[in-house]
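A.B. asks: from the sequence below, what's the structure:
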Amino acid sequence: MAEPIIAFEKVNKWYGDNFHVLRDIDLNVAPGERIVICGPSGSGKSTLIRCINRLEEHQQGRIVVDGTTIASACGSTILRCVCQYVRPSVAAASICPLGTA
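C.D. replies: As a prediction, the model looks like this:
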């Protein structure tokens, strides 16, 4: 099996002390694979996407895009990695501003 192009490893995110919005998320997306993230309002879909481009910081776990660990990458590296692979229809403008991908 090919290395995942996007990997979430035990990712956790809290808002404040009590709202645990992402709980031990493990997700691997293979090169060329397309996925849909769906769920009820408030279930963490947008937060999950926003953690990839560091619009939200996760508190635990690891996110890797194309071999780059997102927590240690600089802004331009994140933008290049994320814009190449992540194209959510609702949040595309905030992740990949027009003309950057």
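
A.B. asks: for stretch 37-50, measure first residue to last.
C.D. replies: 13 Å (Cα to Cα, to the nearest Å).

A.B. asks: same question but for stretch 30-46, I mixed them up
C.D. replies: With Cα to Cα applied, stretch 30-46 spans 21 Å between its terminal residues.

A.B. asks: and that stretch, which residues are buried?
C.D. replies: For stretch 30-46, a neighbour-count test (16 or more other Cβ atoms under 10 Å) marks 44, 45, 46 as buried. To be clear about C-beta, it is placed using only N, CA and C from the backbone, and glycine gets the same treatment.

A.B. asks: secondary structure class for the last one?
C.D. replies: This means residue 46. Using DSSP: H, G, I helix; E, B strand; the rest coil, the structure places residue 46 in helix.

A.B. asks: picking that back up, pick the one among the buried residues of stretch 30-46 closest to residue 35.
C.D. replies: Proximity to residue 35 was ranked across the buried residues of stretch 30-46 by Cβ to Cβ; first place goes to residue 45, at 11.6 Å.

A.B. asks: mind putting the buried residues of stretch 30-46 into TSV with pLDDT and distance to residue 60?
C.D. replies: Listed next are the buried residues of stretch 30-46 as TSV, based on pLDDT from 0 to 100; distance: Cβ to Cβ, whole Å:
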residue	pLDDT	distance to residue 60
44	92	14
45	91	19
46	89	19
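
A.B. asks: any idea which of those residues is closest to residue 36?
C.D. replies: Nearest to residue 36 among the buried residues of stretch 30-46 is residue 45, at 9.8 Å by Cβ to Cβ.

A.B. asks: can you pull the pLDDT of the residue nearest to that closest one when sequence neighbours are not counted?
C.D. replies: Using Cβ to Cβ, 6 or more residues apart in numbering and skipping the chain neighbours, the partner closest in space to residue 45 is residue 37 (5.0 Å). pLDDT recorded at residue 37 is 87.
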